[in-house]
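> the following block contains a protein sequence and its predicted model.
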Amino acid sequence: MNSTPKSKYNIIKSIVILSGITMLLSCENSMKEVQSLTNNQNLPVQQGKDVEFIFTDSTKIQYRAFAIEFIETESEEEGLLQEFRKGGKIISYNKDESVAWEIKANYAKHYPDKELWELRNNVVAKAADGKTISSELMFWDHKKKSIYSNQYTRIISPDGQVIEGSNFSTDEDMIEFKMKDVSGEVYLEDKTKQ
């Protein structure tokens, strides 16, 4: 079969057109995928460095939060999320505005709608009575007025007694504790001798 330049041109033209149609028909995106790529729901609503937040109730300071670096985002899944990527500190106050306790962590998340704080990496809480609680993960549920962790936790009392365990929880004032798998060093006073 002898081909002419015109027929070669038509064959190449047909191949290009068929390739183009195939490429157009093979591209398929759902509307949800397109919307997820084009929306800006994970972009920061607010951000800042060396930020201080003051939370009040009836003009009385309840607690303050400090962030080295702060980013606030909002999404359908998590709602409003405040992230303290380089760590921070929370200081809670009694009704007389004296310090009740403070918690420091190398990373924290705050879910304002749930009134829940998630603190991670080298978390250290100090109560007003001198008690120190440390863990790698701790939650503060402001709504339920409790602090808890499901990981290894160490509590050191002001007199040096050490209690270690897992699944720790305490009231917001860090007075009453519950813990599982407890071990530690406790000093007992012998009250039988008189």
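Arrived safely, thanks for sending.

> low-scoring stretches of the chain, by residue?
When residues are selected by pLDDT under 70, those of the chain lie in 1-5, 23-44, 184-188, 193-194.

> the spatially most central residue of the chain in helix, strand or coil?
In the chain, the residue lying closest to the centroid (Cα atoms, centre = their mean) is residue 109, at 2.7 Å. Three-state assignment for residue 109 (DSSP: H, G, I helix; E, B strand; the rest coil): strand.

> for it, which non-adjacent residue is spatially closest?
Excluding the flanking residues, the one nearest residue 109 by Cβ to Cβ, 6 or more residues apart in numbering is residue 118, at 4.4 Å. Bear in mind the C-beta positions are built from the backbone N, C-alpha and C, glycine included.

> which other helices and strands does the longest strand that the chain contains contact?
In the chain, taking DSSP state E as the definition, the longest strand is strand 60-75. Contacts defined by 3 or more Cβ pairs under 8 Å, 6 or more residues apart in numbering; DSSP states H and E place strand 60-75 against strand 46-57, strand 79-84, strand 88-93.

> ranking the ones you listed by burial, who's on top?
Counting by mean count of other Cβ atoms under 10 Å, strand 88-93 has the highest mean neighbour count of the helices and strands packed on strand 60-75, with a mean of 21.

> strand partners (parallel or antiparallel) of that strand?
strand 60-75 (antiparallel), strand 99-105 (antiparallel) (DSSP bridges).

> ok, which of those comes nearest residue 173?
strand 99-105 (6.1 Å; Cβ to Cβ).

> identify each buried residue in that closest one, please.
Within strand 99-105, the residues that count as buried by 16 or more other Cβ atoms under 10 Å are 100, 101, 102, 103, 104, 105.

> same question, stretch 102-120
By neighbour count on 16+ other Cβ under 10 Å, the buried set for stretch 102-120 is 102-110, 117-120.

> closest one of these to residue 85?
Nearest to residue 85 among the buried residues of stretch 102-120, with distances taken as Cβ to Cβ, is residue 107, at 6.4 Å.

> can I get the helices and strands packed on strand 60-75 in a markdown table with distance to residue 8?
Formatted as a markdown table, the helices and strands packed on strand 60-75 follow (distance: least, Cβ to Cβ, whole Å):
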| stretch | distance to residue 8 |
| --- | --- |
| strand 46-57 | 61 |
| strand 79-84 | 62 |
| strand 88-93 | 71 |
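
> assign residue 114 to helix, strand or coil.
Classification of residue 114 by three-state DSSP places it in coil.
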